[in-house]
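J.: here's a sequence, model it:
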Amino acid sequence: MARENGLQKSLFALLAEAHPEAIVTLQYQYRMNKDIMTISNTLIYDNKLKCASKSVAQRQLDLPHFQQALDSIHGGASCTKQSCWIEQILDPSRKVVFLDTDKMSATEERIMETVVNKAEASIVLQLAEALLLAGVPEERLAVISVYRSQLRLISQSLRGRPGVEIATIDKYQGRDKECVLVSLVRSNETGKTGELLRDWRRINVAFTRAKSKIIIIGSSTTLSTTALFGIFLELMRTNNWIYQLHLGAENEHTIQPPPSPREKRNREHKTHSPAEAILKNRPILRDVYNSSSL
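T.: Numbering: from 1, shown residues only. Next up, the predicted model:
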């Protein structure tokens with residue numbers, strides 16, 4: 001509808017086209033480390049973007065409880081620590097990771113007019129919980145996707161983590177987090193990516209919200225059918241930033257997220273016996289009850 005009425009361009013874009021002499025190109029940025037900045041530099045800024053300082057360029061995700069998190073997620077897990085994909089992905093030295101789902105059973109699903117990818121949602125849940133267990137505060141972690149239906153699916157899994165921000169790319173303009181997980185969703189035999197993944201201003205926003213680490217999840221085969229994602233994937237290969245997930249990876253860890261605040265209240269309420277409710281705030285009656293129980 002907006003496109004039909006001539007609103008496909010923002011007011012800022014129209015002003016920039018009308019008065020190019022008034023535009024000053026951003027050169028120094030204070031948000032992203034060098035690896036994350038390289039994505040935007042390659043796709044959008046023609047390598048003109050620079051880190052404002054050495055500390056910004058070398059920024060790295062702090063995981064103070066990394067080993068404890070690994071011990072926790074491997075209780076009853078079918079994978080071993082020696083070959084654990086979560087351990088390799090969480091490695092703080094890996095600041096940009098593209099998780100390729102091509103070898104998994106991770107085909108998108110259509111529900112009415114919406115598109116979801118349950119395998120990607122499972123991967124996001126496991127990574128999010130592992131990051132939180134490793135010491136990333138909830139308020140410093142975000143999950144982003146172009147599809148609201150995918151975010152609703154992920155929100156259900158992470159309902160016990162109210163501090164984790166789960167939002168569309170459009171809502172994340174101008175904001176940032178230490179670590180960002182991006183679910184691209186589209187994975188099909190015909191290579192259809194949809195209109196949303198062709199909007200590179202929108203995709204650039206998604207890829208530049210992270211300060212220390214970004215994990216992008218998607219199908220390289222499907223995404224490579226678009227020209228700019230082809231460039232993106234080549235950048236990932238050149239820098240050895242692609243991690244190929246194997247078949248069944250989403251089922252190797254049995255990670256149980258904490259209950260939501262409402263679920264927690266309900267569980268606590270159910271643990272109280274009728275006697276506890278009667279004896280509450282009645283110390284004399286409680287003494288009599290305890291004496292009769294001896």
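
J.: hey, let's count contacts and neighbours off CA atoms from now on
T.: Noted.

J.: low-confidence ranges in the stretch 1-150 of the chain?
T.: 1-10, 12-13, 15-16, 19-26, 76-77, 80-82 (pLDDT under 70).

J.: just the strands in it please.
T.: Per DSSP state E, counting those that start in this stretch, the stretch 1-150 of the chain carries strands over the ranges 28-29, 50-51, 96-100, 109-111, 114-116, 141-145.

J.: grab the longest strand from the chain for me.
T.: Using DSSP state E, we find that the single longest strand of the chain is strand 210-218.

J.: got the domain ranges for the protein?
T.: 57-251, 261-293 (automatic domain parsing).

J.: ok, and which of these has the densest surroundings?
T.: Mean neighbours per residue, mean count of other CA atoms under 10 Å, is largest over the domains of the chain for domain 57-251, with a mean of 18.

J.: from the chain's centre, how far out does that one sit?
T.: Domain 57-251 sits 5 Å away from the centroid of its parent chain (CA atoms, centre = their mean, to the nearest Å).

J.: can you give me the end-to-end span of it?
T.: 35 Å (CA to CA, to the nearest Å).

J.: most centrally placed residue in the protein?
T.: Centroid-nearest residue in the chain, with CA atoms, centre = their mean: residue 181, separated by 2.1 Å.

J.: report whether that residue is found in a helix, as I expect.
T.: No. Residue 181: not assigned to a helix; according to DSSP: H, G, I helix; E, B strand; the rest coil it is strand.

J.: ok, it - contacts?
T.: 124, 128, 141-144, 214-217 (CA atoms under 8 Å, 6 or more residues apart in numbering).

J.: again, only this time at 7 Å
T.: By CA atoms under 7 Å, 6 or more residues apart in numbering, the contact list for residue 181 reads 124, 142-144, 214-216.

J.: how about the backbone phi and psi for residue 242?
T.: Here is the backbone geometry of residue 242 (degrees, to the nearest 10): phi -100, psi 130.

J.: show me what it is bridged to.
T.: Beta-bridge partners for residue 242, by DSSP bridges, are residue 98.

J.: go ahead and confirm it touches residue 95.
T.: No. The criterion here is CA atoms under 7 Å, and residue 242 misses it with residue 95 at 11.5 Å.

J.: hmm, residue 29 and residue 211 touching each other?
T.: No. With contact defined as CA under 7 Å, residue 211 does not reach residue 29; the gap is 10.8 Å.

J.: quick check: residue 220 vs residue 98, distance?
T.: Per CA to CA, residue 220 is found 9 Å from residue 98.

J.: correction: the previous question concerned residue 28.
T.: 25 Å.

J.: next: residue 88.
T.: Distance, residue 88 to residue 98, using CA to CA: 12 Å.

J.: could you do residue 202 as well?
T.: Residue 202 sits 18 Å away from residue 98 when distances are taken as CA to CA.

J.: also residue 244?
T.: Applying CA to CA, the value for residue 244 to residue 98 is 8 Å.

J.: same question, residue 18
T.: 38 Å.

J.: which residue ranges form the helices in this structure?
T.: 11-18, 34-40, 54-57, 66-73, 85-90, 118-133, 148-157, 200-207, 220-223, 227-238, 261-270, 274-279, 283-293 (DSSP state H).

J.: quick one: contacts of the fifth one?
T.: Applying CA under 7 Å, 6+ apart, the external contacts of helix 85-90 come out as 70, 127.
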